[in-house]
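Novice: give me the fold of what follows.
(one chain, ligands or ions: 2)
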Amino acid sequence: METIFNRNKEEHPEPIRAEVQGQLPTWLQGVLLRNGPGMHTIGDTKYSHWFDGLALLHSFTFKNGEVYYRSKYLRSDTYNCNIEANRIVVSEFGTMAYPDPCKNIFAKAFSYLSHTIPEFTDNCLINIMKSGDDYYATSETNFIRKIDPQTLETLEKVDYSKYVAVNLATSHPHYDSAGNILNMGTSIVDKGKTKYLLFKIPSSVPEKEKKKSCFKHMEVVCSIPSRSLLQPSYYHSFGITENYIVFIEQPFKLDIVKLATAYIRGVNWASCLAFHKEDKTWFHFVDRKTKKEISTKFCTDAMVLYHHINAYEEDGHVVFDIIAYKDNSLYDMFYLKKLNKDFEENNKLTSIPTCKRFVVPLQYDKDAEVGSNLVKLPTSATAVKEKDGSIYCQPEILCEGIELPRVNYDYNGKKYKYVYATEVQWSPVPTKIAKLNVQTKEILHWGEEHCWPSEPIFVPSPGAREEDEGVVLTCVVVSEPNKAPFLLILDAKTFKELGRATVNVEMHLDLHGVFIPQNDLEAETE
Ligand SMILES: CC1=C(/C=C/C(C)=C/C=C/C(C)=C/C=O)C(C)(C)CCC1
Ligand SMILES: [Fe+2]
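Specialist: Ligands and ions are numbered 1, 2, ... in the order given. As a prediction, the model looks like this:
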């Protein structure tokens, strides 16, 4: 067990042909590109947290019935500095590093007396983002790194904060129907205010400005003031519907004073996050056309969430599905010292991930009585009018024990049926993947002994008419010695195996990724 999490993984930058069993659909052509931590020790130094590990990109290329695997470490400035020094010299989420200030490019970050916000890492290990025909590795700081989706080479570093005033940004952007990126980031104590910014990165630039990057055309769509100047909420994702942005201001907050003094106090960034269980969770809805926030105050009890699943509008309500926890034990669970051999016995989640549906009436009868439930849809979710005019929401539970949710993105923002996710029950490592029908709550599973599947990605078949017409792809790491990992291809409708592509390498457990259809890759090379 220990090795699966802690052992540094080798990179395999040259394509390795996988052994394919079963029948892959002929239309499945393109690249599954994924990201996650692959290196946890450098020289004699060790990262403390699994989310600190150096980003290792890997890909499966589907070409005429064959599958090729590659992997390559992201050559971030962080990676290069660490490797050159042969020790950890750049701080990550769970590890504070003390570099020799003369030796590395992050030195200015540590002149903490003049900088309130430290300079963060560009170890973009969480996700992959598509911007026009380009691809970027993403994390939650102000940096993203362009990559070549075919060779996995590392290209330019982009600093969001050069274009819009954000210090942090999510690794889960959304895309509108024109392919423009919509993302959110936090602007900390800028001009005396702390706010959450929704920003847009256009998918292309005007012809006459072809030399300029899309980032030069980035714009702030709207800003939501933080309830607290020095304690903005932490968030890992947000939701969109056809007309609204759904932003959840949870009482899991980043303490800016702690963040600014972490280095001198010798503590990590993670310790600057705290869950305030006595506070409420606030919902914000921004009208995408008017760019104005809905003025009604909507709230629910304290909770912690990382992943939004999907959101849509129905009869004047916004319906949104998320995976929520009762506390922040999830981040604590991924400290590497806890992920030891006996972790399955010792490391039980104290709060199980719960798939919750909130139904929020945006258009409701303003004369409704205090105490009345304003939800008019058939659901057990409620939204009750309070004395002070605010609306207190309680969810319908869709299911328990799933994480890393994905949907058919053609249904993002629309009424939908299916979620594909990993099953995590009481331990942080998934043992199965699941397909949940959010309308009937029926669940299909795939699982095999000693198999740890990654986030399942849905790929629609060409001309698909139904939401689940296509395949689901998941990388499976096998914990049994002498058994090789594989890429599993399931029929999305039946959740039955169509085939698998086995590669004889030591594969890392990863986080998120994208499937890039062959046509999009061709556009990129043109
Ligand atoms: C470095 C750094 C951060 C990094 C956070 C990371 C790396 C989060 C990863 C989350 C994942 C993988 C969640 C999965 O559900 C913060 C706290 C934003 C702010 C301070 C600097
Ligand atoms: Fe995530």
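
Novice: need the contact list for the nearest residue to residue 312 once chain neighbours are set aside.
Specialist: For residue 312, ignoring the flanking residues on the chain, the nearest one in space by CB to CB, 6 or more residues apart in numbering is residue 415 at 4.8 Å. Every C-beta, even on glycine, is put in place using the N, C-alpha and C of the backbone. Listed by CB atoms under 8 Å, 6 or more residues apart in numbering, the contact partners of residue 415 are 312, 314, 319.

Novice: quick one: the first one and ligand 1, what's the gap?
Specialist: For residue 312, the distance to ligand 1 (CB to the nearest ligand atom, to the nearest Å) stands at 23 Å.

Novice: so where do the strands sit in the stretch 251-400 of the chain?
Specialist: In the stretch 251-400 of the chain, the segments counted as strands under DSSP state E, counting those that start in this stretch are 252-254, 273-275, 281-287, 298-300, 304-314, 317-325, 354-361, 382-385, 391-394, 396-400.

Novice: contacting residues for the closest residue to ligand 1 within the stretch 401-526 of the chain?
Specialist: Nearest residue of the stretch 401-526 of the chain to ligand 1 (CB to the nearest ligand atom) works out as residue 511 at 5.3 Å. With contact taken as CB under 8 Å, 6+ apart, residue 511 is in contact with 34-37, 125-127, 404, 454-455.

Novice: follow-up on the earlier one: want to throw the strands of the stretch 251-400 of the chain into TSV with mean neighbour count and mean pLDDT?
Specialist: Rendered in TSV, the data for the strands of the stretch 251-400 of the chain read as follows (neighbours: other CB atoms under 10 Å; pLDDT from 0 to 100):
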stretch	mean neighbour count	mean pLDDT
strand 252-254	23	98
strand 273-275	18	96
strand 281-287	21	98
strand 298-300	20	98
strand 304-314	22	98
strand 317-325	24	98
strand 354-361	23	98
strand 382-385	19	98
strand 391-394	19	98
strand 396-400	17	97
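
Novice: what residues does the stretch 201-350 of the chain have near ligand 1?
Specialist: Residues of the stretch 201-350 of the chain found near ligand 1, taking CB under 6 Å from any ligand atom as the criterion, are 236, 269, 306.

Novice: and those as a markdown table, adding distance to residue 161?
Specialist: Compiled in a markdown table, those are given as follows (distance: CB to CB, whole Å):
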| residue | distance to residue 161 |
| --- | --- |
| 236 | 19 |
| 269 | 17 |
| 306 | 23 |
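
Novice: the nearest residue to residue 462 once chain neighbours are set aside: how many residues sit nearby?
Specialist: Spatial nearest neighbour of residue 462, excluding adjacent residues (CB to CB, 6+ apart): residue 27 at 5.3 Å. Neighbouring residues of residue 27 were enumerated by other CB atoms under 10 Å; the total is 16.

Novice: helix, strand, or coil at residue 27?
Specialist: Using DSSP: H, G, I helix; E, B strand; the rest coil, the structure places residue 27 in coil.

Novice: correct me if wrong: it contacts residue 460.
Specialist: No - in this structure, residue 27 is not within contact of residue 460 by CB atoms under 8 Å, at 9.8 Å.

Novice: ignoring the adjacent residues along the chain, who's closest to residue 178?
Specialist: Once chain neighbours are set aside, the closest to residue 178 by CB to CB, 6+ apart is residue 203, at 6.2 Å.

Novice: show me which residues of the chain sit near ligand 1.
Specialist: Where the chain comes near ligand 1, counting by CB under 6 Å from any ligand atom, the residues are 51, 92-93, 120-121, 126, 139-141, 168, 236, 269, 306, 511.

Novice: stretch 242-252: how far from the chain's middle?
Specialist: Distance of stretch 242-252 from its chain centroid, counting by CA atoms, centre = their mean, to the nearest Å, is 15 Å.

Novice: ok, stretch 429-447 next?
Specialist: Centroid separation for stretch 429-447 versus its chain: 19 Å, with CA atoms, centre = their mean.

Novice: now that stretch: mean pLDDT?
Specialist: The average pLDDT for stretch 429-447 rounds to 95.

Novice: and it, which residues are buried?
Specialist: For stretch 429-447, the buried set under the neighbour-count rule, 16 or more other CB atoms under 10 Å, comprises 429-438, 443-444, 446.

Novice: and residue 82, which of the three is it?
Specialist: Classification of residue 82 by three-state DSSP places it in helix.

Novice: tell me the spacing between it and ligand 1.
Specialist: 14 Å.

Novice: that residue: how many residues sit nearby?
Specialist: Residue 82 has 23 neighbours, counted by other CB under 10 Å.

Novice: for the one 5 residues further on, same thing?
Specialist: The burial metric for residue 87, expressed as a neighbour count using other CB under 10 Å, is 18.

Novice: hey, which helix or strand in this protein has the poorest pLDDT?
Specialist: Among the secondary structure pieces of the chain, namely its helices and strands, helix 343-346 has the lowest mean (mean pLDDT, DSSP states H and E), a mean of 61.

Novice: name the nearest residue to residue 298, ignoring sequence neighbours.
Specialist: By the measure of CB to CB, 6+ apart, the closest residue to residue 298 outside its immediate chain neighbours is residue 283, 4.1 Å from it.
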